[in-house]
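Novice: this one's structure only:
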């Protein structure tokens, strides 16, 4: 399962992706899916197995535009984006 970290500011999305990679989390900056109906157009995608580490890294930064973590599921061939809670 993939997780999205959604921000309202592009610069913070890019910074967070860079910090994740610096700390060993494989992350990619991708367009925010329209199904999320939020964000600046960019979000950070990473594997759910890295969620605890990604969450800890988020807390060490000053990400005032952070909107939340969302999971991506495919139901009947359609993408579903819902808030992610551990």
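Specialist: Thanks, I have the structure now. These figures come from a predicted structure and were not determined experimentally.

Novice: and the helix or strand containing residue 71, what does it pack against?
Specialist: Assessed by DSSP states H and E, residue 71 sits inside strand 66-75. Contacts defined by 3 or more C-beta pairs under 8 Å, 6 or more residues apart in numbering; DSSP states H and E place strand 66-75 against strand 2-7, helix 51-60, strand 78-83. Every C-beta, even on glycine, is put in place using the N, C-alpha and C of the backbone.

Novice: next secondary structure after the first one?
Specialist: Read in the C-terminal direction, the helix or strand following strand 2-7 is helix 10-22, with elements assigned using DSSP H and E.

Novice: helices or strands next to that next one in the packing?
Specialist: Going by 3+ C-beta pairs under 8 Å, 6+ apart, helix 10-22 lies up against strand 2-7, strand 27-31, strand 42-47, helix 51-60.

Novice: with mean neighbour count, distance to residue 18 and mean pLDDT added, can I get the ones you listed in TSV?
Specialist: Listed next are the helices and strands packed on helix 10-22 as TSV, based on neighbours: other C-beta atoms under 10 Å; distance: least, C-beta to C-beta, whole Å; pLDDT from 0 to 100:
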stretch	mean neighbour count	distance to residue 18	mean pLDDT
strand 2-7	22	12	94
strand 27-31	15	9	95
strand 42-47	21	10	95
helix 51-60	14	11	96
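
Novice: out of the ones you listed, which is closest to residue 77?
Specialist: Residue 77 sits nearest to strand 2-7 of all the helices and strands packed on helix 10-22, at 16.4 Å, using C-beta to C-beta.

Novice: how far off centre is stretch 67-85?
Specialist: Mean-position distance between stretch 67-85 and its chain equals 11 Å (C-alpha atoms, centre = their mean, to the nearest Å).

Novice: typed the wrong thing, it's stretch 37-48
Specialist: Distance of stretch 37-48 from its chain centroid, counting by C-alpha atoms, centre = their mean, is 4 Å.

Novice: again with stretch 24-34
Specialist: 6 Å.
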